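*Asks:* model the following, please.
(chains A, B, C, D, E and F)
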6 protein chains.
Amino acid sequence: MKKIITLGEILLRLSTDVGKRLSQADQLDLNYGGAEANVSVSLSNFGYDVYFVSKVPDNPLGLAAERHLKTNGVRTEFLLKGGERLGTYYVESGIGARSSQVTYDRKNSSFSQIMSEEIEFDNIFKDADLFHITGITPALSPSLVELTLIALQKAKENGVTTSFDFNYRSKLWSHQEAAETMKLFLPYVDICFCGELDAIYLLGIDKASNSLENKDRLTYYYETIRKNYPNIQYLSSTFRDVLSASTNTLRGNLFAEGVLYQSKTYQIDHIVDRVGGGDAFVAGMLYGILESTPFKEAVTFATAASVLKHTILGDCNTFSPEEIKIFANQAPGKIVR
Amino acid sequence: MKKIITLGEILLRLSTDVGKRLSQADQLDLNYGGAEANVSVSLSNFGYDVYFVSKVPDNPLGLAAERHLKTNGVRTEFLLKGGERLGTYYVESGIGARSSQVTYDRKNSSFSQIMSEEIEFDNIFKDADLFHITGITPALSPSLVELTLIALQKAKENGVTTSFDFNYRSKLWSHQEAAETMKLFLPYVDICFCGELDAIYLLGIDKASNSLENKDRLTYYYETIRKNYPNIQYLSSTFRDVLSASTNTLRGNLFAEGVLYQSKTYQIDHIVDRVGGGDAFVAGMLYGILESTPFKEAVTFATAASVLKHTILGDCNTFSPEEIKIFANQAPGKIVR
Amino acid sequence: MKKIITLGEILLRLSTDVGKRLSQADQLDLNYGGAEANVSVSLSNFGYDVYFVSKVPDNPLGLAAERHLKTNGVRTEFLLKGGERLGTYYVESGIGARSSQVTYDRKNSSFSQIMSEEIEFDNIFKDADLFHITGITPALSPSLVELTLIALQKAKENGVTTSFDFNYRSKLWSHQEAAETMKLFLPYVDICFCGELDAIYLLGIDKASNSLENKDRLTYYYETIRKNYPNIQYLSSTFRDVLSASTNTLRGNLFAEGVLYQSKTYQIDHIVDRVGGGDAFVAGMLYGILESTPFKEAVTFATAASVLKHTILGDCNTFSPEEIKIFANQAPGKIVR
Amino acid sequence: MKKIITLGEILLRLSTDVGKRLSQADQLDLNYGGAEANVSVSLSNFGYDVYFVSKVPDNPLGLAAERHLKTNGVRTEFLLKGGERLGTYYVESGIGARSSQVTYDRKNSSFSQIMSEEIEFDNIFKDADLFHITGITPALSPSLVELTLIALQKAKENGVTTSFDFNYRSKLWSHQEAAETMKLFLPYVDICFCGELDAIYLLGIDKASNSLENKDRLTYYYETIRKNYPNIQYLSSTFRDVLSASTNTLRGNLFAEGVLYQSKTYQIDHIVDRVGGGDAFVAGMLYGILESTPFKEAVTFATAASVLKHTILGDCNTFSPEEIKIFANQAPGKIVR
Amino acid sequence: MKKIITLGEILLRLSTDVGKRLSQADQLDLNYGGAEANVSVSLSNFGYDVYFVSKVPDNPLGLAAERHLKTNGVRTEFLLKGGERLGTYYVESGIGARSSQVTYDRKNSSFSQIMSEEIEFDNIFKDADLFHITGITPALSPSLVELTLIALQKAKENGVTTSFDFNYRSKLWSHQEAAETMKLFLPYVDICFCGELDAIYLLGIDKASNSLENKDRLTYYYETIRKNYPNIQYLSSTFRDVLSASTNTLRGNLFAEGVLYQSKTYQIDHIVDRVGGGDAFVAGMLYGILESTPFKEAVTFATAASVLKHTILGDCNTFSPEEIKIFANQAPGKIVR
Amino acid sequence: MKKIITLGEILLRLSTDVGKRLSQADQLDLNYGGAEANVSVSLSNFGYDVYFVSKVPDNPLGLAAERHLKTNGVRTEFLLKGGERLGTYYVESGIGARSSQVTYDRKNSSFSQIMSEEIEFDNIFKDADLFHITGITPALSPSLVELTLIALQKAKENGVTTSFDFNYRSKLWSHQEAAETMKLFLPYVDICFCGELDAIYLLGIDKASNSLENKDRLTYYYETIRKNYPNIQYLSSTFRDVLSASTNTLRGNLFAEGVLYQSKTYQIDHIVDRVGGGDAFVAGMLYGILESTPFKEAVTFATAASVLKHTILGDCNTFSPEEIKIFANQAPGKIVR
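*Replies:* Below is the predicted model of the structure:
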């Protein structure tokens, strides 16, 4: 069983029921998630031995976050306990034309104050096959920029394949701050999740001509990135078109061995919960790479995984590889009985 | 008031809320249903005197099934109590592109072990106007094949009109088993619910040319069946197109006096619960036949009944004939106030 | 802060969950609403000082209605306590092709028996900027016809701008009764919410040619009304197309200074609760007029307010002007994070 | 199977959850009940053929009331449909030291306006064994006084045993009004449920000396009643001590053949729902009388039935005679597994 | 109508259902409360014009807190918007022998960072009758010590009666810190809520002999305090005996004009929610003082108010003076119908 | 970290809400439990490395059972997947005088058909410290008698301490069947949970004189057992007095080194969920033994653990050793804040 390491923040998410505003709610649903945690859960449900490295407070909410990970089989040996609080965010769930609204309350979280000395990287990375981290972590504090860099370097030193998802969040930092920081990490990255906007605004690549089809534009960006960072073996992203909070289209992209592979474009109707949809894609793509799945099939698997995630509540994709493969191959919506 | 007899299994259904997986659920909704039971409930809500013949365990779940029937006015004088357990099934409710998943736990149910000696057919069929049964019942055990045959024969001996719905379920038996069995019953059937696939795979009729429109193909199958079983007065079915778990199209068919009558094609959006949609159609069609409604109107009524069923939770159509007729005639979706 | 007066009935609304029939429900959701109350709530959330004039029983339900108003900042100094009961209505929530069904139980309510002597109009209207009332109030009893008339007259005497929404309800009175009554009020109205059907059936205006586009037809009706009632400064309405209980289209109209201004046509999918959608439009339009917003922008604001209301449960629009403006200007459905 | 007739009002009951005030509730539980309806349900669950005579509106709430009765096997052939509305009441559920608060909204109900001509008494009472009615019915309107009297007379004419429960409600009428009315009925009553306070305030019997034990006082009142109305075969009541909304004591009394039989005194802790507790006692006592159970056993059965009712939600006792007998004979609270 | 000012923090409270642990919960109930906010709500429900001075973030949670206050009629003109976050706490609700567990997440709240310059004291205190504040406020930060002092001084300058509740919380500060701080405030206090332990540990009064009855001990402490702070007109507290999380006893004390008045001792069974019980007492006592109720009656009213609070969910007493008086005078637990 | 092995069945439990009958329920709560599984969960929450050996079906319910174990940290490497179904039981939750009623539907479960060849005992027991099993397992089928015996023998061969809980269930087998079977196992048992009734009815020990106190009677039984089975090092049980479904008393017993140690007698009020209370005691006692806690303290810890379990929903004790110790030492019911 392959060993995978992820590092990031796990947050408490409190969500309203459909059709209720946060300012009018008298009940909220609890979930636990975060980009790297969600990827961990998905990869664990795919059958890997996944260790999530993070820090949560030593209180019932920290325990709840830990239980969430364990439920899904994620190993918590390297989940530190301590610090002040669990980062929290509130979701007023959108529907139809009304978007979901997120209210963050994540400052001063235990994770945001983690120190790199607290983490035994060499022990953690021993015999590991893959390390995954995202751009949300360095956005949280200057010391986490350093931690991210050390983690990536230590992973490479230990011969571990590295995966990095840009995951740019405008509420956490500016384009400029992010741009300067991301460039520190890329020399250590093997698999990179990065979209068109990231290429332009964070990596400063000249905008492709609008006369090009979006497939060709993306190929151009990915080729340019590969020129600058030849260490990056795989580049991946999705095209998402937000028709409404309930209806999106989604198409997956994987750039490998100089070719851009794409899934078909799915229309996702009746979206139940979009949060974590991107993380489900990332995990699906990592599965394809780890399993050496043919590239076209791999990007289809990843996109199907993401589509399925949109039909369930919570941040995490809990579908098995078998379920995702059946879904990718069948007509939608039949009752199986 | 016309007297109607149905015979079949009633099951406990346990369903997840929308967006929840069965393996993650901590609460399930209870319903009680089964093909013949659902038809009974609908016919009772249409104003008939309906008796449901079956067997449930003598425990709170058997009592709950009985209460469900009584709530809807179905007579339970011939509902036996005894045996081991109530057949159960679990539904992970689908939405959008994700199908509903059914997990059966129905083996060794009280009904599956019922003996034909336990049932006083002559008493039951006395003065009855209609008897309805489906192909699910004989699929449950060899002794139920025999019971089904006896029931149909006894009904005919007592001058009762008989109705049979193929309702083929691949999880219960193979095409071949079903094919051999169904042929035993058809000589005793007056009204037959049977679709294109049943005609091909269970009755072995040569496939119609694909160049034909589906209306013409169905006419061909029904004419062929009528040649083999001239006792069958009515043949009926629906065309259903599953666009997703939330969106289907539905069109009703009735073959009577040599002519195929069809409803318009309804698009059913925002499906709340598809289970029992077919049974609502069957009951609607039987209503039309019992009331000697003009054929075109009858098939429209039956299809409208089925469409309405998709908008409510639970297996059963609880709409009155008046509500269905208003629905069949009006623009959809207006608030009436 | 502008002072606004509204007068009307507030009702208890008891609604089923989606997919449940009223006759099968074992739990109902409570809301409080009514045309004028809903407008009050929305205007209060827009920042005005709104006083709702009405009467509720001196019991826990009357208190609940009062609390509902206060939650939203509506002033209840002129909310009388007494009389027999709170008017009530039950909503069986529709979905897809199935319409919502309303069961009224509002007779003999405290408000329907209010006497004009109970209301200190001069005190109430002192320094007020706007008075809003609807055609539902006079439909409730003959004495309320008189009360409506007195209220409008007193408002004008006190120099208050008046707003009147036809809001014709066929379950409360006939076209003829309504027509005779409405004409009493119009001479005292400055802002009038009135649609094409009202113009024809209540004001007896000759039907415009069907060959005209609906924009031109409406212009014709509004010009005719203006000829008869030159006191009316603004005429407004919506075009609503009910595709299903879950999908409507909506376009707002405002006739001002001889020109018909229109919003774009919104398609509202995944409707959560349509009740109060019209009142949200009225409040939005009054906001535009009170704020002297350019007409085109005002009608867009009002329509966007109404669209947003359809995405939340309950009768009341609780969105702020800022939220509505952002919504009116952005792509729908994006998560903001 | 014995045939039993009851006549009375069935109401919609809307209740808050524990710990919620009605004025703050946003959800209410629905139940249907009423003194005679509750007795009907209980007797039907005891195995009798019970017909409930009443009138409900022809709307979804009337249908819901009918479904409630049918669920419990009560026959609704004589349940009229029509009139204005279903009587309604709201319960703010008490707990501990805080009492439940009832808010009535029952005026002008369909039942309160029923006309005696609407009821085919001779048909209804044919072959009936028992007729039960309570003092709530005549309290609702003068015409219902007449109806009650006719019903009792017709029952006696048809040779039916009659049962009458005083059920005095101070919110419906004064002691004096009740006293005058009750005396009209008593000459036609065989089984009378009537307590100490009824004897004093409604029947005008001189107060027994306080130095007597309450058992002896009750014997004195019952003997006096029997002197005045020798037609009354059985007199029955309970002693209830309300320690708090969650804790009561209860003891049953039956006066038969000149002797007062008493159950032991039960302490009922953790009361879930007290509404209908008295009706469960009445039904239990009627069961004992109909089954000619030894008197001591009969009063114990009735009291145990009432105690069990306090442990379930809703107005109705749904326990079977077997369950009640097991409960009456066993240690409380054991898990049976 | 008397004008009352309170100043303090309002927090978001998230609570588990009964029997659920926080680490296992997937749903939480929302309430808003805080010592001074709770007193405000109660006093507003008593009919006073209450202004709550505080600061909440300008986000949906701040808005929700404001709506909570407005629902209960509390005036929010002086509720500032801004700062980082709303203080939050989580309650794992206890039952029986298991205590409730509180997890605080209140650091860096908007209120804790409020500056005294932000508050227009002279404007606020103009024409005010009473100012109430508690010892929780100065415990939150050094700048809030200063704010508390200024507020009390400004109140006195403006001729406003002042009320201070010690409300010592060991999780916020040490005895020593609290002791030094409290002494700054007492010279400006007219009404002081302070218990035996406060007298000993915060005011350094010598412990009374254990041989004294607790009434006499308390009298001794109060006399001593009065000697040191003759400005304090009223001293008040409760004796609470925690038999379990579900059962407490409670007795109220009021020291006025040199005499200790006490309520009877209530046993509170089946406690629904104890949070806010003390604040309900404080508000009840302030009502008695403002209304010049005889002292014995006043302390009974306050204690009854507190007992009632324990029977409802949420931090706030929403009972009216009439309801409390009826409760104080009647047998507990009777259904009123 | 000590390694612990348990072997037994894990069942799906479906429970009604308080106050609802199973035959009337429309929603059920899901939990997963079973005697050995519950002990596993508790021991895992105490910090041990616990492996649960069992078999569940390869369907969503089997997966759910596995997720339940993993949530609580129980290792599922030896949880087999296959067979027909997950054993199920339904609980109608009792309250006050009404007992909980259990309806079993556990026949033909995957576990009941497990074959001893499927289990790699030597691998499982390698380096294990403790093996725990109960008398429920051999009660399920003859092959499970054999499996239980092999398991105990294999454990001893591998030098593992063994623990056995009689857990006699009259619905599964007779006293005689159980008696014959239990004797096979006892020679291989080190720690034995066995009560007075087990000693008499299953081990055939002569009844102790009733004149003895129950402590002395138990000592006599335990001494007798020790004479017959000197291999048994520890004997343990509880005295439970069922005052009602909501109130029990509980006292723990441990017989070690010839002395009977007892906890104090706890009164458990407001019982939330009694299921699993015994398993919490067993796990607590095993903790004491594994940690070499002084005997008096160990039995107190085990009893406190059991008492706490009664205050939470679900079969499993999720309290940590620290929480249990604090509870054992403190006054009950205080809010900690």
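*Asks:* contact partners for the residue lying closest to A:V259 once chain neighbours are set aside?
*Replies:* Using Cβ to Cβ, 6 or more residues apart in numbering or on different chains and skipping residues adjacent in sequence, the residue nearest A:V259 is A:F295, 7.3 Å away. Heads up, the C-betas are built off the backbone N, CA and C, glycines and all. Shown in contact with A:F295 (Cβ atoms under 8 Å, 6 or more residues apart in numbering or on different chains): A:L254, A:A256, A:E257, A:V259, A:Y261, A:G288.
*Asks:* and A:G135, by the same measure?
*Replies:* A:F164, A:D165, A:F166, A:N167, A:Y168, A:R169, A:A178, A:T181, A:M182.
*Asks:* mind doing that once more with 7 Å?
*Replies:* A:G135 sits next to A:D165, A:F166, A:N167, A:Y168, A:A178, A:M182 when contact means Cβ atoms under 7 Å, 6 or more residues apart in numbering or on different chains.
*Asks:* out of these, list just those in strands.
*Replies:* If you go by DSSP state E, the contacts of A:G135 have A:D165 in strands.
*Asks:* the nearest residue to A:M182 once chain neighbours are set aside - how many residues pack around it?
*Replies:* With sequence-adjacent residues excluded and distances taken as Cβ to Cβ, 6+ apart, A:M182 is closest to A:L202, at 5.3 Å. A:L202 has 22 neighbours, counted by other Cβ atoms under 10 Å in any protein chain shown.
*Asks:* now do the one 10 residues further on
*Replies:* Residues contacting A:L212 under the criterion other Cβ under 10 Å number 12.
*Asks:* wait, a helix at it?
*Replies:* No: A:L212 sits outside any helix when classified using DSSP: H, G, I helix; E, B strand; the rest coil, being coil.
*Asks:* what about the closest residue to it other than its chain neighbours, distance to chain D?
*Replies:* Closest residue in space to A:L212, ignoring its immediate chain neighbours: A:Y220 at 7.2 Å, by Cβ to Cβ, 6+ apart. Going from A:Y220 to chain D by Cβ to the nearest Cβ, to the nearest Å gives 55 Å.
*Asks:* try A:S163
*Replies:* Taking Cβ to the nearest Cβ, one finds A:S163 at 46 Å from chain D.
*Asks:* and chain A, which residues reach chain E?
*Replies:* Neighbours of chain E within chain A, by Cβ under 7 Å from any Cβ of the partner chain: A:22-23, A:25-30, A:59-61, A:63-64, A:67, A:84-85, A:90, A:92, A:103, A:105, A:107-108.
*Asks:* so which of these are in strands?
*Replies:* Checking these against DSSP E, those in strands are A:Q27, A:L28, A:D29, A:L30, A:Y90, A:E92, A:T103, A:D105.
*Asks:* per-residue pLDDT, A:N329?
*Replies:* At A:N329, the model reports a pLDDT of 87.
*Asks:* burial count for it?
*Replies:* 9.
*Asks:* kindly report the same for A:E213.
*Replies:* 9.
*Asks:* ok, now how distant is it from chain D?
*Replies:* Taking Cβ to the nearest Cβ, one finds A:E213 at 51 Å from chain D.
*Asks:* please name the nearest non-neighbouring residue to whatever residue of the stretch 101-250 of chain A ends up closest to chain D.
*Replies:* As assessed by Cβ to the nearest Cβ, chain D sits closest to A:Q101 within the stretch 101-250 of chain A, at 21.4 Å. Using Cβ to Cβ, 6+ apart and skipping the chain neighbours, the partner closest in space to A:Q101 is A:E92 (4.3 Å).
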